[in-house]
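*Asks:* what follows is a predicted protein model with its sequence.
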Amino acid sequence: NMSEKESEVKDAVKYDFSQFHVERILNSDSRSKLVSVLGRFKDLSSEDLAIVILEKKAFTESDLTSEGFFSDSTTLREDFVNDIYGNFDSFPRPEINSVKTTVIYPATAKHINKYTKQETHIVQETPELYKALTLKHLERERFSLEWLENILEHKKESERIIFEDPDEETGFILLPDLKWDNKTRETLYCLALVRRRGITSLRDLNDSHLPLLRNLLTKGVAAIGEKYAVPRSQLRIYLHYQPSFRHLHVHFTYLKHDAPGIVCEKSHLLDTVISNIQLMPDYYQRATLSFVLRENDRLWDEFQQQSDTGKSLKRD
């Protein structure tokens, strides 16, 4: 654990981008207008690495007004004009042309691997493979959850909390996901962190967790509807498998938003999860679950080795 003094120093870090030295581009996605950059803040450390994630924001209706984009503060630079068609580069004022920026510092090898573009593969994880391979791998490769404990204990980000149910068994904290600017309704993305410890993923869920899941669904929908005027019928509510961190959390995104991680090989709708457990209390302890692994992930090698040996893991 960090001492109080170390914690204060960490909290006081200010990022000066003029001091950022780019080492390499980890990933550049033209479709999502997002780039992940690896480098160092020369004024902070000559050794510690940092990841800077830059993302172009979506347009909002409030930007497209005579006080916003269509005002005299926007300048046009002509590319060409041909008959009725014209192409230009436009330069609106900075307030409506900001870039969402996330900094991870200091960044570990696990962070670098996570944000580096690479080939991916789908694996089919039986309950036996989960116990023999996945669980051991996750326990070996786990990320620090200090940031999450800080939120649950109101040490950090308490001003960002949208809604909180303090019950230790069925309660949760709802707040904007780091990928959302908490302003643009069209890209709404919220995250619910359960208060109960020890539930790491879908694999742990059974009928004893139904009160928690139903409470999270009902109150999460109500809180988002009240604050952002997005009805349940326009919310995509789901869990990831595998999740990016080992503490149960649920994603709430706007249905029109093409949010990262909503693909069928990764997301599981909360309504469906609840229904599956109602039908079979130990469904997620018995089901084969598919998920995606990166090619340089050690777990992918282990799944391949298991497949190559031709061994079949028998049920207990």
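*Replies:* The structure has been received and is ready for your questions.

*Asks:* residues contacting the lengthiest helix in the chain, please?
*Replies:* Criterion DSSP state H: the longest helix present in the chain is helix 210-228. When contacts are defined by C-beta atoms under 8 Å, 6 or more residues apart in numbering, helix 210-228 is touched by residues 162-163, 165, 167, 169-172, 174, 185, 188, 190, 192, 194, 196, 205, 230-232, 235, 237, 250, 252, 270-271, 273-274, 277-278. For the C-beta atoms, the positions are set from N, CA and C on the backbone; glycine is no exception.

*Asks:* same question, stretch 272-281
*Replies:* Contacts for stretch 272-281 (C-beta under 8 Å, 6+ apart): 202, 205-207, 209-210, 213-214, 217, 239, 283-284, 286-287.

*Asks:* kindly recompute the last result at 6 Å.
*Replies:* 206-207, 213, 283 (C-beta atoms under 6 Å, 6 or more residues apart in numbering).

*Asks:* report the separation between the residue with the largest distance to the centre of the chain and F303.
*Replies:* Taking C-alpha atoms, centre = their mean, the residue of the chain most remote from its mean C-alpha position is D83, at 45.6 Å. The gap separating D83 from F303 is 58 Å, by C-beta to C-beta, to the nearest Å.

*Asks:* for D29, same thing?
*Replies:* 26 Å.

*Asks:* more neighbours: which of the two?
*Replies:* Applying other C-beta atoms under 10 Å to D29 and F303 shows that F303 carries more neighbours, namely 19 against 12.

*Asks:* got a list of what that one touches?
*Replies:* With contact set as C-beta under 6 Å, 6+ apart, F303 has these partners: V123.

*Asks:* can you rerun that using 7 Å?
*Replies:* F303 is in contact with 123, 133, counting by C-beta atoms under 7 Å, 6 or more residues apart in numbering.

*Asks:* quick check: buried residues in the helix or strand harbouring it?
*Replies:* Assigned by DSSP states H and E, F303 belongs to helix 298-309. For helix 298-309, a neighbour-count test (16 or more other C-beta atoms under 10 Å) marks 299-300, 302-303, 306 as buried.

*Asks:* and for the closest residue to N150 other than its chain neighbours, the neighbour number?
*Replies:* In this structure, N150 finds its nearest non-sequential neighbour in K156, 3.9 Å apart by C-beta to C-beta, 6 or more residues apart in numbering. For K156, the neighbour count with other C-beta under 10 Å is 15.
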